[in-house]
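*Asks:* any chance you can model this:
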Amino acid sequence: MNTLTPGKTQARIGWALSIVTILFMLFDAAGKLALESHVLDATTKIGYPVAAIRPIGVIALLCTILYAIPRTAVLGAVLLTGFYGGAVASKLRIEDPLFSSILFAVYFGFIAWGGLYLRDERLRSLFPLRR
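*Replies:* Prediction:
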């Protein structure tokens, strides 16, 4: 009989959330590294020069790789949080819509940390939801 224990189910949900984060960030980084036209338009609209787009893509890719590796996942999550914070600040500066644009990065921050929290027992012991 193949029954999942609460710990296994929790870890699988955590990995599913983490994979959503990883795939989204890989897609984002690839668009920046390839200098796709929609990425150029969106990034320059925010106020960044074209010359900054590839370096931002490299940073996104490195943060994502760190997040994807279990031993460095917490460091990756911290760095992704900073990356998302920059996105929020950039969107606030140009007065984009709050829920659909500005908070999009916040939503991904919750998904990234939620996934890591569910898959990493050490993180749950550091920040228990209840005692």
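*Asks:* so, low pLDDT: which residues of the chain?
*Replies:* 1-4, 6, 131 (pLDDT under 70).
*Asks:* now do the helices in it.
*Replies:* Ranges of helices within the chain are 6-33, 37-46, 53-68, 73-93, 104-119, 121-126, based on DSSP state H.
*Asks:* output the contacting helices and strands for the second one.
*Replies:* What that stands for is helix 37-46. helix 6-33, helix 53-68, helix 73-93 (3 or more CB pairs under 8 Å, 6 or more residues apart in numbering; DSSP states H and E). (Each C-beta comes from the backbone N, C-alpha and C, glycine too.)
*Asks:* tabulate the helices of the chain (CSV), appending mean neighbour count.
*Replies:* Formatted as CSV, these follow (neighbours: other CB atoms under 10 Å):
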stretch, mean neighbour count
helix 6-33, 16
helix 37-46, 13
helix 53-68, 18
helix 73-93, 17
helix 104-119, 18
helix 121-126, 11
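*Asks:* any chance of CSV for the helices and strands packed on helix 37-46, columns distance to K45?
*Replies:* Shown next, in CSV, are the helices and strands packed on helix 37-46 (distance: least, CB to CB, whole Å):
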stretch, distance to K45
helix 6-33, 14
helix 53-68, 12
helix 73-93, 10
